[in-house]
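Chemist: using only what follows, build the 3D model:
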Amino acid sequence: MIERPRGTRDFQPDEMESRRRLEDQLRKKAEHFGYREILTPTFEHTELFLEKSGPSIVEEIYSFEDKGGRGLALRPEFTASVMRMYSESLKGDPKPLKLFYFGPAYRYERPQSGRYREFWQFGTELIGADTARADAENIALAYDCIKKLGIEDAVEMKISNLKILGNHLKSKGLSSEEIEELYHVIDKGDETEELLDRFGLEEEFIELLDAPFQEIPEYIEDTQHYRYLEDVIDCLSYYGIEKEDLFVDLRTVRGLDYYTGVVFEIDAKKLGAQKQICGGGDYNLGDIFGTEISSKGFSFGFDRLLLAMEKEGKAFQKKRVGCYLIPIGEEAIPYVYEVLSMLRKNGIRSDIDLKNRSVGKALGFADKADFKYSLIIGEEEVKNEVVALKDMESGDQKEVKKEEITEEV
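Modeler: You can find the predicted model right below:
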């Protein structure tokens, strides 16, 4: 028996209904903020992802040579592809550009709860606005999506400004390469004394990482980037996001080398080790394509977001929708198809019994298939140009004129 590949999933109809409803809510929220949808290829030239995602990405991507000997890779994320699209065809568009995307991505890693080799991302990119208000709007959109789903009390939002740590570490004599390496150490939670010695740092650095936000200036010489983060936090209040809704954490450094400024992560508290459901911030990928432009964005781990909703009892509930038509006798068939056509032309989910079941068995099928109504049509209904409309939730049944069916349902 041939089974599906490890780290992939089949989605049954009920699961797809939940996924589409979540996708629709995220899409509408992005559109309300002025974003427009884009889509990039599932595979790109391998060097696009090697250039800026850091050395760890090499072992994680699905890469291959095509029949022409070209090195290609399935996308492990979207941001690099979006910036490639920008450099090729969107540079001349008015700024800022507000773009969003939804689709599958691929990483070769050990599957576990909330982590798969084929996974879905919903994300945004804001290109060409280098202000505190732009950083605030980037974060506010992500948080608004969480609020729309009703799980804001079940998450923790952490924010930071990489330039605070970056400038401090440069003043200690660390090179850009050493700072990037240290960020990877911090991101993994491995900042032990032994590692600090490797970078020539002292215990005071750990104190800086642990310091409350208001005490950070005591540990750094240049407070410019600290004040910028203060401005971002102040701007977030315009969106109803108060200081108690977030946590300033200098350990929030993100795992990819292209982040440069304000960054943030949103964790779902009940998801254990794989708790991060959203991450993003200010980044620089333009230099790959010979252009410098401010960019910021975020992405949701779509699968983890659904899992977080389930853990909080906020999963989408199945809804009864549409009509199931049950003809009684061959003479009713033409009339039933007239009604079926009318319903479908009016955008109403409609189906018809194709197995010549008894009325009882057909009603049983309609119930299990979650139809809202069953329309029972026999000789009398045809003669009087009506239908017997049965509500599958209440069990009530009434007679409805043919021309009034679409309005009734």
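Chemist: can you map out the helices along the stretch 51-200 of the chain?
Modeler: 79-85, 132-148, 162-171, 176-187, 193-198 (DSSP state H, counting those that start in this stretch).
Chemist: ok and the next helix or strand after the shortest one relative to helix 162-171, angle-wise?
Modeler: Following the chain from helix 193-198 toward its C-terminal end, the next helix or strand by DSSP states H and E is helix 203-210. With axes from the mean of the first three to the mean of the last three C-alpha atoms, to 10 degrees applied, the angle from helix 203-210 to helix 162-171 works out at 170 degrees.
Chemist: go through helix 203-210 and flag the buried ones.
Modeler: By neighbour count on 16 or more other C-beta atoms under 10 Å, the buried set for helix 203-210 is 205, 208-209. In this view, the C-beta of every residue, glycine as well, is placed from N, C-alpha and C.
Chemist: pLDDT of that helix, averaged?
Modeler: Averaged across helix 203-210, the pLDDT comes to 88.
Chemist: run the chain-centre distance for that helix.
Modeler: 34 Å (C-alpha atoms, centre = their mean, to the nearest Å).
Chemist: by how many degrees do it and helix 176-187 diverge?
Modeler: Between helix 203-210 and helix 176-187, the angle comes out at 60 degrees (the same axes, to 10 degrees).
Chemist: packing partners of helix 203-210?
Modeler: On a contact count with 3 or more C-beta pairs under 8 Å, 6 or more residues apart in numbering; DSSP states H and E, helix 203-210 meets helix 193-198.
Chemist: residue ranges of the helices in the stretch 301-409 of the chain, please?
Modeler: 302-311, 333-345, 359-368, 379-384, 405-408.
Chemist: now for Leu126, how many residues are close by?
Modeler: Residues contacting Leu126 under the criterion other C-beta atoms under 10 Å number 26.
Chemist: that one pairs with what?
Modeler: Lys98, Lys296 (DSSP bridges).
Chemist: that one touches Tyr86, doesn't it?
Modeler: No - the pair Leu126 / Tyr86 is not scored as a contact, 11.6 Å apart, by C-beta atoms under 8 Å.
Chemist: need the overlap of contacts for the two.
Modeler: Common contact partners of Leu126 and Tyr86 (C-beta atoms under 8 Å, 6 or more residues apart in numbering): Leu97.
Chemist: show me what contacts Ile179?
Modeler: Counting by C-beta under 8 Å, 6+ apart, Ile179 makes contact with 165-166, 169-170.
Chemist: and those as CSV, adding distance to Asp245?
Modeler: Output for the contacts of Ile179, formatted as CSV (distance: C-beta to C-beta, whole Å):
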residue, distance to Asp245
Leu165, 23
Gly166, 26
Leu169, 29
Lys170, 32
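Chemist: closest to Asp282 among those residues?
Modeler: Nearest to Asp282 among these is Gly166, at 12.1 Å by C-beta to C-beta.
Chemist: with adjacent residues omitted, what lies nearest to the closest one?
Modeler: Ile179 (5.9 Å; C-beta to C-beta, 6 or more residues apart in numbering).
Chemist: check what pLDDT that neighbour gets.
Modeler: 84.
Chemist: distance of it from Asp197?
Modeler: With distances taken as C-beta to C-beta, to the nearest Å, Ile179 is found 16 Å from Asp197.
Chemist: quick one on the thing from earlier: right, and the helices of the stretch 301-409 of the chain - which one's nearest Tyr101?
Modeler: Among the helices of the stretch 301-409 of the chain, helix 302-311 comes nearest to Tyr101, with 11.4 Å by C-beta to C-beta.
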